[in-house]
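In: Next input, structure requested:
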Amino acid sequence: MQGYIAIIQPPDSSGEYAVVFPDVPGCASCGETFASAVEAGREALSLHLGSMRADGEALPVARSYETILADPDWAEERQGATLQLITPRALTGERVRVNITIDKGLLRQADEAAQARGLTRSGLIEDALAATIGA
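Out: Presented below is the predicted three-dimensional model:
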């Protein structure tokens, strides 16, 4: 899957790094640390592109690092920022049923956490797996 260049701006007054994607209008995120900003950017990019696919929209063409570096429209955002290639999660959208064995207490806590976040058990497990393996 192709990656997109993100402009990651250093912490502002809120103390968070800001993440924007010049080639994906409307896709932005933030994080308290550089690493969490990259991961939040990956999540935002994955969701944004997934929504575009679901709506039948063409995905934006990713420009090169050099092209974005030379783009005058992004000069202000690049000041003091880091340009980082971020690849969206390689999700197929196809769900498969699996059978796993898990501690009963851990499963109860997972169900409570899922409910608190408005997720299903499967959604929580999928998010946790993706975060763990960096997908």
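In: Need the residues that contact the biggest helix by length in the chain.
Out: The longest helix of the chain (DSSP state H) is helix 34-54. For helix 34-54, contacts defined as C-beta atoms under 8 Å, 6 or more residues apart in numbering pick out 4, 6, 8, 16-19, 21, 24, 26-31, 58-59, 82, 84, 86-89, 91, 93, 131, 134. The C-beta positions use only the backbone N, C-alpha and C, and glycine is treated the same way.
In: Just the buried subset of these, please.
Out: Buried members of the contacts of helix 34-54, scored by 16 or more other C-beta atoms under 10 Å, are 4, 6, 8, 16-19, 21, 24, 27-31, 84, 86, 88-89.
In: domains for this protein, by residue range?
Out: With domains defined by automatic domain parsing, the chain comprises 1-91, 95-135.
In: I'd like to know how far the residue most central in space within the chain sits from Ser13.
Out: With distances taken as C-alpha atoms, centre = their mean, Glu43 lies nearest the centre of the chain, 1.6 Å away. Separation of Glu43 from Ser13 (C-beta to C-beta, to the nearest Å): 24 Å.
In: Low-confidence regions, the chain specifically.
Out: 1, 91-93, 131, 133-135 (pLDDT under 70).
In: And the helices in it?
Out: 34-54, 65-70, 75-78, 104-117, 121-133.
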